[in-house]
Structures are given as C-alpha cells and as structure tokens.
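> Need a 3D model of the sequence below.
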Amino acid sequence: MKVKLREVCLKNKGWSVYDLSTLLAKHEGIAVCTTYAWSSGKRLPRAKHLDMLCNLLDCTLADLYEVEPYKFKSTALQNEAEKGRR
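Numbers count the residues shown, from 1 in each chain. Below is the predicted model:
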C-alpha cells in the first residue's frame, strides 16, 4: 500500500509536501518529519490523521492510497472471490 500524498496535494490543492507539512506543524502540531515520512512511504498515517488529511485535501481514502490487488495463494479462493463480484 502506498500513500499518494505528494500527488494528491499537488493535484487537489497545488501544494508541495513542504506546504502541507508546515501547515500541519503550525495548526495541528504534527512534526514536519512525520509528514515527510508519510509522503515517502516510510510510515503510514494513523487512523486519526486520515480523516483530517482527506478533509484538508478534499479527497477520499481511495484517492489517498494506491492499493495493489490481493493475490490469492489458492486458485479455489480466487475463483470464489471472482464469483462474488459478478
């Protein structure tokens, strides 16, 4: 799972990660290094910060995360999952 913080900031607000990090540090007390860790993928935002980020950046969780489809180890389980989608 990858956080697309840099892309969403730029697309939705025209902000750099620096802009976002200084705003969060000033108004929410979130360390600048924390925001950079989120944007670089070294850390993921905690649940309590996700809603705040989505509201601030006018996005959804789906916009904020890039999720790769799960690869089942069992083909039988894969087939069951595909049946449920139809």
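
> Can you list the low-confidence ranges for the chain?
For the chain, the stretches flagged by pLDDT under 70 are 84-86.

> before we move on, which element is the residue sitting furthest away from the middle of it in?
Most distant from the centre of the chain: residue 76, at 31.3 Å, with distances by C-alpha atoms, centre = their mean. Under the criterion of DSSP states H and E, residue 76 resides in helix 75-85.

> tell me which strands and helices that helix is in contact with?
Judged by 3 or more C-beta pairs under 8 Å, 6 or more residues apart in numbering; DSSP states H and E, helix 75-85 has no packing partners among the helices and strands. Just so you know, the C-beta spots here come from the backbone N, C-alpha and C atoms, and that holds for glycine as well.

> next one: it to chain centre, how far?
Centroid displacement of helix 75-85 relative to its chain, using C-alpha atoms, centre = their mean, to the nearest Å, is 27 Å.

> same thing with stretch 57-67?
Taking the mean of its C-alpha atoms, stretch 57-67 sits 5 Å from the chain's own mean (C-alpha atoms, centre = their mean).

> May I have that stretch exported as CSV, CA atoms only?
Taking C-alpha atoms only, stretch 57-67 is exported to CSV below (Å, rounded to 0.1, in the frame of the first residue of the first chain):
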residue,chain,number,x,y,z
LEU,A,57,-7.0,17.8,0.7
ASP,A,58,-10.6,17.4,-0.5
CYS,A,59,-10.1,13.7,-1.3
THR,A,60,-11.3,10.2,-0.3
LEU,A,61,-9.3,7.4,1.2
ALA,A,62,-9.3,5.7,-2.2
ASP,A,63,-7.7,8.9,-3.6
LEU,A,64,-5.0,8.9,-0.9
TYR,A,65,-3.9,5.3,-1.2
GLU,A,66,-2.7,3.2,-4.1
VAL,A,67,-3.6,-0.4,-3.3
